[in-house]
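Student: coords please:
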Amino acid sequence: MEQVERVERVERAEQAEQADQADQAEPPERVGQQGSARLGARFARLWGSATASALGSGLTTVATPLLVASRTSDPLVVAGASAVAWLPWLLFALPGGVLVDRVDRRRLMVTLDWARFAAMGLLTLTLLTGHPGIAVLFTVLFVVNTGEVVYRAAAQSLLPAVVPRESLERANGWLIGGATLAQGVLSGPLGGLLFAVSAGLPFLVNTGTYAVSAILIALLVGSFRAVPAAADEAGGTGGTPARHSVWTEMAEGFRWLLRQRLLRTMAVLIGLLNLTLTAATAMLVLLAKDRLHLGAVGYGLLFSCMAVGGIVGSLIGDRLVAWITATWTIRIGLLIEAGMHLALATSTSSAFLGFVLFAFGIHGSLWGIVASSLRQRMTPPELMGRVSSSNLFVAAGGNCVGALMGGALAARFGVTAPYWVGFVVAVGVIAATWHVFDRESVAAAYAT
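Tutor: Numbering: from 1, shown residues only. Here you go, the predicted structure:
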């Protein structure tokens with residue numbers, strides 16, 4: 001009798017295991033995107049920190065050109081403010097990733113926030129008490145944006161330690177939504193209003209946002225090192241590789257990324273598509289004026305359509321990705337990318353283009369959710385900072401070159417030229433990478 005009961009128990013266990021395997025037989029790219037539990041208080045602190053930081057950065061982005069223009073009419077100086085803001089992304093993204101992988105990421109983020117608080121506070125003080133020179137402004141911008149690029153890599157690397165693996169899509173959606181709301185919707189009108197009251201007020205509020213960000217991150221409990229401190233200090237004992245030079249570790253992260261076909265392709269895509277997107281948005285003001293006959297308010301509403309789409313995409317992104325799968329999220333996104341450039345090149349309807357930009361905003365959020373979640377799922381913890389920073393470096397390169405390319409194309413061939421180039425590039429990207437994002441490859445990545 002006891003033997004029969006044992007056999008029955010074994011059979012029940014085998015049936016339970018088979019049922020569990022059947023549940024997991026669903027495409028792995030859907031797994032982890034259904035029934036996401038609450039993200040918890042720790043994520044709420046991370047979200048609050050990132051959103052506050054994004055709001056402050058947005059205020060400074062709006063107020064800086066207004067401040068420069070009030071001090072000088074030299075186009076080179078005005079353009080220099082943008083160059084100074086982007087330069088740290090090219091100089092410090094890769095070494096910043098090495099730093100993120102070497103130290104406690106939470107403490108690093110807190111230190112960066114207080115450093116930016118001090119720099120922005122100095123600029124605010126000079127603005128409220130006198131007339132700072134352009135050199136002071138440029139120096140502060142350089143310091144603040146250096147902190148931003150390292151902070152961004154640290155935040156992306158910290159997330160898998162804050163939320164469960166199955167909640168990464170939802171968490172990334174909330175982070176993207178918070179940043180879009182703060183930087184894409186609120187900071188524009190708020191920055192202009194604050195600057196109209198006092199030139200130093202947007203920078204003062206930004207100073208406060210860095211303090212809020214630092215305090216919220218400091219409230220996270222636990223250690224967030226990629227490598228245990230004891231093993232790292234022992235010079236690689238216990239199977240942990242010994243610390244090498246910064247250049248060696250940068251190359252290690254870059255080589256790992258290049259060996260991952262899916263992540264490598266997505267990194268190249270973001271560089272190419274950022275190049276054409278930045279070229280397109282840089283000329284949007286001329287398109288709105290010459291072809292759509294819109295004023296300043298209408299031009300601003302086009303960006304608002306994109307921002308609202310981004311927020312909608314971030315709120316429903318994890319459910320939408322689970323419904324259509326990550327494979328088709330990427331593929332449909334590429335089609336939307338091509339369609340947006342084609343619409344901007346051919347249409348003269350502001351209402352239609354507003355809808356197109358709204359759809360593009362949704363795509364942007366979904367792409368960010370899938371790309372970030374795949375990278376966080378596939379990358380070993382000890383390489384997370386370097387792989388994240390490599391993506392930031394490629395994206396920044398596309399942004400820098402794209403702005404210059406858009407102006408050159410429009411000056412030589414007309415205002416629609418950047419959009420035709422963007423359409424051709426997007427179609428070429430679709431043809432070259434469609435097979436890379438097949439269901440088997442993406443499912444294998446989710447199962448990693």
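Student: I'd like to know how many residues surround residue 436.
Tutor: Each residue near residue 436 was counted by other CB atoms under 10 Å, and the total is 15. C-betas here are computed from N, CA, C, even on glycine.
Student: hmm, I was thinking of residue 355
Tutor: For residue 355, the count of nearby residues is 14 (other CB under 10 Å).
Student: which non-adjacent residue is nearest it?
Tutor: Nearest residue to residue 355, sequence neighbours excluded (CB to CB, 6 or more residues apart in numbering): residue 305, at 7.4 Å.
Student: Quick check: residue 150 vs residue 102, distance?
Tutor: Distance of residue 150 to residue 102, given as CB to CB, to the nearest Å: 12 Å.
Student: now residue 40: how far from residue 170?
Tutor: On the measure of CB to CB, residue 40 and residue 170 end up 11 Å apart.
Student: shared neighbours, the two?
Tutor: Common neighbours of residue 40 and residue 170, counting by CB atoms under 8 Å, 6 or more residues apart in numbering, are residue 163.
Student: So for these two, which residue has more residues nearby?
Tutor: Using other CB under 10 Å, the more surrounded residue of residue 40 and residue 170 is residue 170, with 27 against 14.
Student: Isn't that one up against residue 316?
Tutor: No. Counting by CB atoms under 8 Å, residue 316 is not a contact partner of residue 170; they are 10.4 Å apart.
Student: any idea how far residue 214 is from residue 45?
Tutor: The span separating residue 45 from residue 214 equals 11 Å under the rule CB to CB.
Student: Quick check on the two: which one has the bigger neighbour count.
Tutor: Each of residue 45 and residue 214 has its neighbours counted (other CB under 10 Å); residue 214 has more, 22 against 19.
Student: my read: the more buried one touches residue 113, true?
Tutor: Yes. Shown here, residue 214 and residue 113 form a contact pair, counting by CB under 8 Å, at 3.6 Å.
Student: Name the residues contacting each of those two.
Tutor: residue 49.
Student: re earlier: give me the more crowded residue out of residue 150 and residue 102.
Tutor: Taking other CB under 10 Å, residue 150 and residue 102 do not tie; residue 150 has more neighbours (26 against 19).
Student: Show the subsequent helix or strand relative to the helix or strand harbouring that one.
Tutor: Residue 150 is located in helix 134-158, with elements delineated by DSSP states H and E. Next in sequence after helix 134-158, counting helices and strands by DSSP H and E, comes helix 168-179.
Student: Which residues are in contact with the spatially most central residue of the chain?
Tutor: When the chain is reduced to its mean C-alpha position, the nearest residue by CA atoms, centre = their mean turns out to be residue 368, at 6.6 Å. Going by CB under 8 Å, 6+ apart, residue 368 touches 172, 176.
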